[in-house]
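Trainee: Sharing a model that was predicted from the sequence below.
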Amino acid sequence: HTSQRPKVLVICGSGLGLLADGAANKQTFRYQDIPNFPVSTVEGHEGCLVFGTIENTSCVFMQGHFHLYEGYSLCQVTFPVRIFKLIGVETVLVTNASGAICPDFKVGDIMIIKDHINLPGFAGQHPLCGPNDERFGIRFPCMSDAYSKDLRRLTWDVGNEIGCSDFIREGVYCMVSGPNFETIAEARMLLILGCDSVGMSIVPEVTVAKHCGLRVLGLSLITNMVSLDYSREEKVNHEEVLQISKMRAEVLQKMVTMLISRCQQQSINTH
Ligand SMILES: O=P(O)(O)O[C@@H]1C[C@H](O)[C@@H](CO)O1
Ligand SMILES: Nc1nc2[nH]cnc2c(=O)[nH]1
(Lines give C-alpha, C1' and ligand atoms only; values in the text may rest on other atoms or scores of the structure.)
(Ligands and ions follow the chains in the order given, each with its own letter.)
Protein backbone atom coordinates (compact mmCIF):
# COMPACT_ATOMS: atom_id res chain seq x y z
CA HIS A 1 0.00 0.00 0.00
CA THR A 2 3.00 2.36 0.03
CA SER A 3 6.04 2.75 -2.17
CA GLN A 4 7.96 4.44 0.65
CA ARG A 5 10.83 2.38 2.03
CA PRO A 6 11.82 4.06 5.32
CA LYS A 7 15.35 4.18 6.65
CA VAL A 8 14.31 5.64 10.02
CA LEU A 9 11.67 4.37 12.42
CA VAL A 10 10.36 6.79 15.04
CA ILE A 11 8.41 5.17 17.88
CA CYS A 12 6.19 7.76 19.55
CA GLY A 13 5.50 7.30 23.26
CA SER A 14 2.50 8.44 25.30
CA GLY A 15 1.06 11.68 23.93
CA LEU A 16 3.90 12.09 21.42
CA GLY A 17 2.13 11.19 18.17
CA LEU A 18 2.66 14.79 17.03
CA LEU A 19 6.28 13.91 16.28
CA ALA A 20 5.06 12.85 12.83
CA ASP A 21 3.93 16.40 12.06
CA GLY A 22 7.38 17.42 10.82
CA ALA A 23 7.24 14.95 7.91
CA ALA A 24 6.14 15.68 4.33
CA ASN A 25 4.35 13.42 1.82
CA LYS A 26 2.54 11.63 4.60
CA GLN A 27 0.62 8.39 4.18
CA THR A 28 -1.25 7.10 7.22
CA PHE A 29 -2.46 3.59 7.99
CA ARG A 30 -4.42 2.47 11.04
CA TYR A 31 -2.92 -0.45 12.97
CA GLN A 32 -6.33 -2.13 12.97
CA ASP A 33 -6.24 -2.30 9.17
CA ILE A 34 -2.83 -4.02 9.04
CA PRO A 35 -3.04 -7.84 9.20
CA ASN A 36 -1.59 -9.26 12.45
CA PHE A 37 -0.47 -5.84 13.72
CA PRO A 38 -1.32 -5.24 17.40
CA VAL A 39 -3.68 -2.35 18.16
CA SER A 40 -3.19 0.41 20.72
CA THR A 41 -5.45 0.30 23.75
CA VAL A 42 -4.00 3.21 25.74
CA GLU A 43 -5.07 6.86 25.65
CA GLY A 44 -2.40 9.00 24.00
CA HIS A 45 -1.47 6.26 21.52
CA GLU A 46 -3.34 6.93 18.24
CA GLY A 47 -2.58 3.55 16.74
CA CYS A 48 -1.43 4.78 13.32
CA LEU A 49 1.59 4.22 11.13
CA VAL A 50 2.64 7.38 9.32
CA PHE A 51 5.06 7.14 6.40
CA GLY A 52 6.68 10.38 5.28
CA THR A 53 9.89 12.18 4.43
CA ILE A 54 12.13 14.56 6.35
CA GLU A 55 14.46 16.36 3.95
CA ASN A 56 15.27 13.39 1.73
CA THR A 57 15.06 10.72 4.37
CA SER A 58 12.17 8.32 4.20
CA CYS A 59 10.75 7.71 7.72
CA VAL A 60 7.97 5.81 9.39
CA PHE A 61 6.37 6.95 12.62
CA MET A 62 4.56 4.59 14.95
CA GLN A 63 1.96 6.77 16.65
CA GLY A 64 1.63 4.53 19.64
CA HIS A 65 3.49 1.46 20.77
CA PHE A 66 2.60 -1.63 22.79
CA HIS A 67 3.06 -2.60 26.41
CA LEU A 68 3.20 -5.74 28.51
CA TYR A 69 0.49 -4.32 30.76
CA GLU A 70 -1.95 -4.26 27.80
CA GLY A 71 -1.72 -8.04 27.79
CA TYR A 72 0.56 -8.28 24.77
CA SER A 73 3.44 -10.76 24.74
CA LEU A 74 6.89 -9.27 24.22
CA CYS A 75 6.87 -11.01 20.84
CA GLN A 76 3.85 -8.86 19.88
CA VAL A 77 5.33 -5.73 21.50
CA THR A 78 8.48 -6.02 19.38
CA PHE A 79 6.93 -7.42 16.19
CA PRO A 80 6.94 -4.01 14.41
CA VAL A 81 10.70 -3.61 14.92
CA ARG A 82 11.40 -6.78 12.96
CA ILE A 83 8.88 -5.80 10.29
CA PHE A 84 10.71 -2.52 9.77
CA LYS A 85 14.10 -4.21 9.82
CA LEU A 86 12.87 -6.35 6.92
CA ILE A 87 11.55 -3.28 5.11
CA GLY A 88 15.01 -1.66 5.29
CA VAL A 89 15.02 0.57 8.39
CA GLU A 90 18.53 1.22 9.72
CA THR A 91 17.95 3.61 12.62
CA VAL A 92 15.32 3.57 15.37
CA LEU A 93 14.47 6.61 17.39
CA VAL A 94 12.40 5.63 20.41
CA THR A 95 10.58 8.13 22.58
CA ASN A 96 8.50 7.65 25.69
CA ALA A 97 7.29 9.22 28.90
CA SER A 98 8.89 8.43 32.24
CA GLY A 99 8.96 9.47 35.86
CA ALA A 100 12.11 10.99 37.36
CA ILE A 101 13.93 8.97 39.98
CA CYS A 102 16.95 11.28 39.91
CA PRO A 103 16.05 14.13 42.30
CA ASP A 104 17.96 16.66 40.13
CA PHE A 105 15.63 16.14 37.17
CA LYS A 106 12.61 18.36 36.55
CA VAL A 107 9.24 17.79 34.93
CA GLY A 108 9.59 18.64 31.23
CA ASP A 109 13.24 17.54 31.00
CA ILE A 110 14.20 15.47 27.96
CA MET A 111 16.46 12.61 29.00
CA ILE A 112 18.76 11.15 26.38
CA ILE A 113 18.84 7.48 27.29
CA LYS A 114 22.43 6.47 27.94
CA ASP A 115 21.61 2.97 29.10
CA HIS A 116 18.74 0.94 30.49
CA ILE A 117 17.86 -1.62 33.13
CA ASN A 118 15.62 -4.39 31.84
CA LEU A 119 13.81 -5.25 35.07
CA PRO A 120 11.19 -7.56 33.45
CA GLY A 121 14.11 -9.22 31.63
CA PHE A 122 15.67 -10.15 34.99
CA ALA A 123 12.48 -12.06 35.74
CA GLY A 124 12.44 -13.90 32.40
CA GLN A 125 10.12 -11.51 30.54
CA HIS A 126 12.57 -10.97 27.70
CA PRO A 127 11.72 -10.60 24.00
CA LEU A 128 14.64 -12.79 22.90
CA CYS A 129 13.70 -15.80 25.05
CA GLY A 130 12.89 -18.84 22.94
CA PRO A 131 14.59 -20.26 19.87
CA ASN A 132 16.93 -17.69 18.34
CA ASP A 133 16.07 -16.67 14.79
CA GLU A 134 19.52 -16.43 13.23
CA ARG A 135 18.12 -14.41 10.32
CA PHE A 136 17.87 -11.49 12.74
CA GLY A 137 20.84 -11.83 15.05
CA ILE A 138 23.01 -13.92 17.32
CA ARG A 139 21.93 -15.94 20.36
CA PHE A 140 23.83 -13.85 22.92
CA PRO A 141 23.82 -10.22 21.78
CA CYS A 142 25.96 -7.61 23.52
CA MET A 143 23.93 -4.77 25.06
CA SER A 144 26.73 -2.65 26.52
CA ASP A 145 26.36 -0.17 23.65
CA ALA A 146 22.63 -0.33 23.03
CA TYR A 147 22.28 3.44 22.53
CA SER A 148 24.42 4.97 19.77
CA LYS A 149 27.11 7.31 21.11
CA ASP A 150 27.14 9.26 17.83
CA LEU A 151 23.42 9.88 17.96
CA ARG A 152 23.58 10.88 21.62
CA ARG A 153 26.30 13.41 20.82
CA LEU A 154 24.29 14.71 17.88
CA THR A 155 21.26 15.13 20.15
CA TRP A 156 23.29 17.34 22.52
CA ASP A 157 24.39 19.46 19.53
CA VAL A 158 20.86 19.78 18.15
CA GLY A 159 19.51 20.55 21.63
CA ASN A 160 22.04 23.38 22.04
CA GLU A 161 21.19 24.75 18.61
CA ILE A 162 17.47 24.92 19.24
CA GLY A 163 18.02 26.44 22.68
CA CYS A 164 16.83 23.61 24.88
CA SER A 165 20.10 22.60 26.53
CA ASP A 166 18.66 23.77 29.89
CA PHE A 167 16.27 20.87 29.94
CA ILE A 168 18.30 18.14 28.27
CA ARG A 169 19.70 15.47 30.56
CA GLU A 170 21.32 12.11 30.05
CA GLY A 171 20.60 9.06 32.17
CA VAL A 172 19.65 5.47 32.81
CA TYR A 173 16.06 4.39 32.09
CA CYS A 174 14.51 1.49 33.94
CA MET A 175 11.61 -0.48 32.55
CA VAL A 176 8.99 -1.95 34.84
CA SER A 177 5.94 -3.80 33.54
CA GLY A 178 3.33 -1.45 35.05
CA PRO A 179 0.46 -0.69 34.92
CA ASN A 180 0.68 0.76 38.43
CA PHE A 181 3.05 3.60 39.17
CA GLU A 182 5.75 2.92 41.77
CA THR A 183 5.39 2.53 45.49
CA ILE A 184 7.79 4.67 47.47
CA ALA A 185 9.82 1.63 48.52
CA GLU A 186 10.13 0.59 44.85
CA ALA A 187 11.19 4.10 43.85
CA ARG A 188 13.87 4.11 46.56
CA MET A 189 15.10 0.73 45.34
CA LEU A 190 15.35 2.06 41.77
CA LEU A 191 17.39 5.02 43.01
CA ILE A 192 19.82 2.68 44.77
CA LEU A 193 20.04 0.58 41.59
CA GLY A 194 21.27 3.58 39.62
CA CYS A 195 18.12 4.46 37.67
CA ASP A 196 17.48 8.05 36.67
CA SER A 197 13.97 7.50 35.34
CA VAL A 198 11.35 4.77 35.23
CA GLY A 199 8.71 3.83 32.70
CA MET A 200 6.78 0.94 31.20
CA SER A 201 8.12 0.61 27.67
CA ILE A 202 10.77 0.69 24.93
CA VAL A 203 13.35 -1.68 26.47
CA PRO A 204 11.94 -4.71 24.59
CA GLU A 205 11.91 -2.76 21.30
CA VAL A 206 15.45 -1.47 21.86
CA THR A 207 16.67 -4.98 22.72
CA VAL A 208 15.17 -6.46 19.55
CA ALA A 209 16.43 -3.52 17.46
CA LYS A 210 19.97 -3.93 18.79
CA HIS A 211 19.79 -7.71 18.30
CA CYS A 212 19.08 -7.23 14.57
CA GLY A 213 21.80 -4.59 14.11
CA LEU A 214 19.76 -1.39 14.12
CA ARG A 215 21.20 1.85 15.41
CA VAL A 216 19.19 3.21 18.36
CA LEU A 217 18.56 6.58 19.95
CA GLY A 218 16.25 6.86 22.97
CA LEU A 219 14.63 10.05 24.27
CA SER A 220 12.54 9.93 27.41
CA LEU A 221 10.36 12.85 28.41
CA ILE A 222 10.22 13.36 32.17
CA THR A 223 6.51 13.82 32.83
CA ASN A 224 6.51 13.57 36.64
CA MET A 225 8.70 13.27 39.68
CA VAL A 226 8.48 9.84 41.32
CA SER A 227 7.84 10.10 45.06
CA LEU A 228 10.81 9.01 47.13
CA ASP A 229 9.40 10.43 50.31
CA TYR A 230 6.41 9.28 52.38
CA SER A 231 5.54 12.87 53.26
CA ARG A 232 5.01 13.89 49.63
CA GLU A 233 1.32 14.39 48.89
CA GLU A 234 1.31 14.61 45.06
CA LYS A 235 -0.02 11.59 43.22
CA VAL A 236 0.96 10.77 39.65
CA ASN A 237 -1.69 9.95 37.05
CA HIS A 238 -1.84 9.28 33.30
CA GLU A 239 -3.63 12.58 32.55
CA GLU A 240 -0.67 14.50 33.97
CA VAL A 241 1.70 12.37 31.86
CA LEU A 242 -0.29 13.24 28.71
CA GLN A 243 -0.48 16.92 29.64
CA ILE A 244 3.32 17.23 29.95
CA SER A 245 3.82 15.25 26.73
CA LYS A 246 1.53 17.71 24.95
CA MET A 247 3.47 20.63 26.41
CA ARG A 248 6.82 19.32 25.12
CA ALA A 249 5.63 17.63 21.91
CA GLU A 250 6.42 20.64 19.73
CA VAL A 251 10.02 21.02 20.90
CA LEU A 252 10.56 17.27 20.69
CA GLN A 253 9.17 17.30 17.18
CA LYS A 254 11.63 20.04 16.20
CA MET A 255 14.44 18.06 17.75
CA VAL A 256 13.50 14.79 16.04
CA THR A 257 13.09 16.51 12.66
CA MET A 258 16.50 18.17 12.96
CA LEU A 259 18.14 14.99 14.18
CA ILE A 260 16.86 13.06 11.18
CA SER A 261 17.98 15.68 8.69
CA ARG A 262 21.39 16.00 10.40
CA CYS A 263 21.88 12.23 10.35
CA GLN A 264 21.36 12.39 6.64
CA GLN A 265 23.72 15.35 6.14
CA GLN A 266 26.48 13.88 8.25
CA SER A 267 25.69 10.36 7.00
CA ILE A 268 26.74 8.83 10.28
CA ASN A 269 27.02 5.18 9.49
CA THR A 270 28.58 3.76 12.61
CA HIS A 271 26.31 1.77 14.89
O1 LIG B 1 4.10 4.47 26.43
P2 LIG B 1 5.01 5.28 27.25
O3 LIG B 1 6.10 4.49 27.85
O4 LIG B 1 5.50 6.51 26.55
O5 LIG B 1 4.09 5.86 28.43
C6 LIG B 1 4.24 5.79 29.82
C7 LIG B 1 4.05 4.40 30.38
C8 LIG B 1 2.56 4.24 30.35
O9 LIG B 1 2.17 3.78 29.08
C10 LIG B 1 2.05 5.61 30.59
C11 LIG B 1 1.67 5.87 32.03
O12 LIG B 1 1.22 7.20 32.17
O13 LIG B 1 3.15 6.51 30.30
N1 LIG C 1 6.51 3.30 35.85
C2 LIG C 1 6.29 4.57 35.53
N3 LIG C 1 5.98 4.89 34.27
C4 LIG C 1 5.78 6.20 33.99
N5 LIG C 1 5.47 6.79 32.84
C6 LIG C 1 5.38 8.11 33.07
N7 LIG C 1 5.64 8.37 34.35
C8 LIG C 1 5.89 7.20 34.95
C9 LIG C 1 6.23 6.83 36.29
O10 LIG C 1 6.34 7.64 37.19
N11 LIG C 1 6.43 5.49 36.51
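Mentor: Looks like it arrived, so ask away. Numbering: from 1, shown residues only. Ligands and ions are numbered 1, 2, ... in the order given.
Trainee: quick one: the nearest residue to residue 175 once chain neighbours are set aside from residue 222, how far?
Mentor: Closest residue in space to residue 175, ignoring its immediate chain neighbours: residue 203 at 3.9 Å, by C-beta to C-beta, 6 or more residues apart in numbering. Bear in mind the C-beta positions are built from the backbone N, C-alpha and C, glycine included. Note on residue 203: its distance to residue 222, by C-beta to C-beta, to the nearest Å, is 17 Å.
Trainee: near ligand 1, which residues of the stretch 151-271 of the chain?
Mentor: Residues of the stretch 151-271 of the chain lying close to ligand 1 by C-beta under 6 Å from any ligand atom are 178, 199, 200, 201, 238, 241.
Trainee: Within the helices and strands, which one has the last one?
Mentor: By that I understand residue 241. Take DSSP states H and E as the rule and residue 241 turns out to sit in helix 238-266.
Trainee: list the buried ones in that helix?
Mentor: Buried residues in helix 238-266, defined by neighbour count with 16 or more other C-beta atoms under 10 Å: 238, 241-242, 244-245, 248-249, 251-263.
Trainee: what's in contact with stretch 46-63?
Mentor: By C-beta atoms under 8 Å, 6 or more residues apart in numbering, the residues outside stretch 46-63 that reach it are 2, 4-12, 17, 19-20, 22-32, 34, 39-40, 45, 64, 80, 84, 87, 89, 257, 260-261, 263-265.
Trainee: actually stretch 228-247, not the one I typed
Mentor: Stretch 228-247 is contacted by residues 13-16, 43-44, 97, 99, 101, 103, 107-108, 181, 184, 187-188, 191, 221-227 when judged by C-beta under 8 Å, 6+ apart.
Trainee: Span of it from start to end?
Mentor: 25 Å (C-alpha to C-alpha, to the nearest Å).
Trainee: what about residue 57, how many neighbours?
Mentor: 17 (other C-beta atoms under 10 Å).
Trainee: what's across from it in the sheet?
Mentor: For residue 57, the beta-bridge partners are residue 54 (DSSP bridges).
Trainee: wait, what's in contact with residue 223?
Mentor: Counted by C-beta under 8 Å, 6+ apart, residue 223 has contacts 14, 97, 98, 99, 107, 240, 241, 244, 245.
Trainee: Tell me where this protein has strands.
Mentor: 8-12, 24-30, 48-54, 57-63, 91-100, 110-118, 168-175, 197-199, 215-225 (DSSP state E).
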